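**Q** I'll drop the sequence and a predicted model, then ask my questions.
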Amino acid sequence: MSGTDPFFFGYGSLVNRGTHAFPQAARARVRGWARTWKRTRLRKLAFLTAVESPGTQIEGLIAAVPGADWAALDKREYAYDRHAVIEIDHDHGPERCLDVHIYRTRPEHDSDGTDEHPILLSYLDTVIQGYLSEFGEEGARRFFETTAGWEAPVLDDRAEPVYSRVTRLTGDERSFVDDELRVRGVRRITSL
């Protein structure tokens with residue numbers, strides 16, 4: 001790893017350090033981007049994606065990509081393109097200028113979520129566990145508040161998780177997710 005390694009900005013499951021082993025992870029905030037749920041022609045479930053949004057800020061996690069070897073991360077994020085982040089605050093300190101990239105679904109492949117393209121609860125649980133760990137309950141609530149696309153239902157797969165990187169939540173973490181979904185009136189479904 002060198003001092004010139006690029007970084008990714010994660011705003012979904014990559015915020016949960018239990019889903020990856022990338023080094024130099026630190027909390028960060030990007031400006032000019034928002035977060036939303038989108039469906040894509042590339043799979044049946046809704047994707048969480050970043051979208052350009054002047055004047056908006058979202059929190060997440062940055063981590064180094066050793067040797068600029070993007071192959072494994074690009075494979076994980078196969079339905080996305082990488083974009084340079086221009087405005088970022090991070091916990092590595094203001095004196096350190098970093099080369100940071102964010103993943104965004106390809107606009108020609110995505111549209112808003114639908115009943116046929118729900119949000120996967122096992123994925124959402126993993127994301128929120130990351131936000132609770134990094135930003136506490138207030139930060140996890142900000143995730144819900146600053147994420148668009150909650151019109152899509154949530155597919156409850158907790159009993160048999162579909163998400164391949166699912167992490168085990170505590171009872172309090174599960175209750176937090178359930179309460180936030182209820183407050184926002186997000187529909188839950190049990191099958192497609």
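**A** Looks like it came in fine.
**Q** what about the helices in the protein?
**A** Counting by DSSP state H, the segments of the chain that form helices are 71-76, 121-145, 171-183.
**Q** deepest of those helices, which one?
**A** helix 121-145 (a mean of 20; mean count of other Cβ atoms under 10 Å). For every residue, glycine as well, the C-beta is placed using N, CA and C.
**Q** Which strands and helices lie in contact with that one?
**A** For helix 121-145, the packing partners by 3 or more Cβ pairs under 8 Å, 6 or more residues apart in numbering; DSSP states H and E come out as strand 26-40, strand 43-64, strand 154-155, helix 171-183.
**Q** Take the helices of the chain and lay them out in CSV including mean pLDDT and distance to G12.
**A** Written out in CSV, the entries for the helices of the chain read as follows (pLDDT from 0 to 100; distance: least, Cβ to Cβ, whole Å):
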stretch, mean pLDDT, distance to G12
helix 71-76, 86, 11
helix 121-145, 97, 5
helix 171-183, 98, 14
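**Q** Next, format the ones you listed as CSV and append distance to V100.
**A** CSV is the format used below for the helices of the chain (distance: least, Cβ to Cβ, whole Å):
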stretch, distance to V100
helix 71-76, 13
helix 121-145, 16
helix 171-183, 28
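**Q** and of the ones you listed, who's closest to T56?
**A** Distances from T56 to each of the helices of the chain were compared by Cβ to Cβ, and the smallest falls on helix 121-145, at 11.8 Å.
**Q** Check what contacts the closest one and list those residues.
**A** Outside of helix 121-145, the residues that reach it under the criterion Cβ atoms under 8 Å, 6 or more residues apart in numbering are 12-19, 27, 35, 45, 48, 59, 61, 150, 154-158, 161-163, 165-167, 169, 173-174, 176-177, 180, 184, 188.
**Q** How much space separates A21 from R165?
**A** In this structure, A21 and R165 are separated by 12 Å, where distance is defined by Cβ to Cβ, to the nearest Å.
**Q** same thing with P118?
**A** Distance check for P118 against R165: by Cβ to Cβ, it reads 18 Å.
**Q** so which of the helices of the chain comes closest to S53?
**A** Among those, helix 121-145 comes nearest to S53, with 14.2 Å by Cβ to Cβ.
**Q** how far does that closest one sit from the chain's center?
**A** For helix 121-145, the distance from its own C-alpha centre to the chain's C-alpha centre is 9 Å (Cα atoms, centre = their mean, to the nearest Å).
**Q** Repeat that for stretch 17-24.
**A** Stretch 17-24 has its C-alpha centroid displaced from the chain centroid by 14 Å (Cα atoms, centre = their mean).
**Q** Flag every buried residue along it.
**A** Buried residues in stretch 17-24, counting neighbours by 16 or more other Cβ atoms under 10 Å, are found at R17, T19, H20, F22.
**Q** Now the first one. Nearest residue, chain neighbours left out?
**A** The reference is to R17. If you skip the residues right next to it in sequence, R17 has A25 as its closest partner in space, 6.0 Å away by Cβ to Cβ, 6 or more residues apart in numbering.
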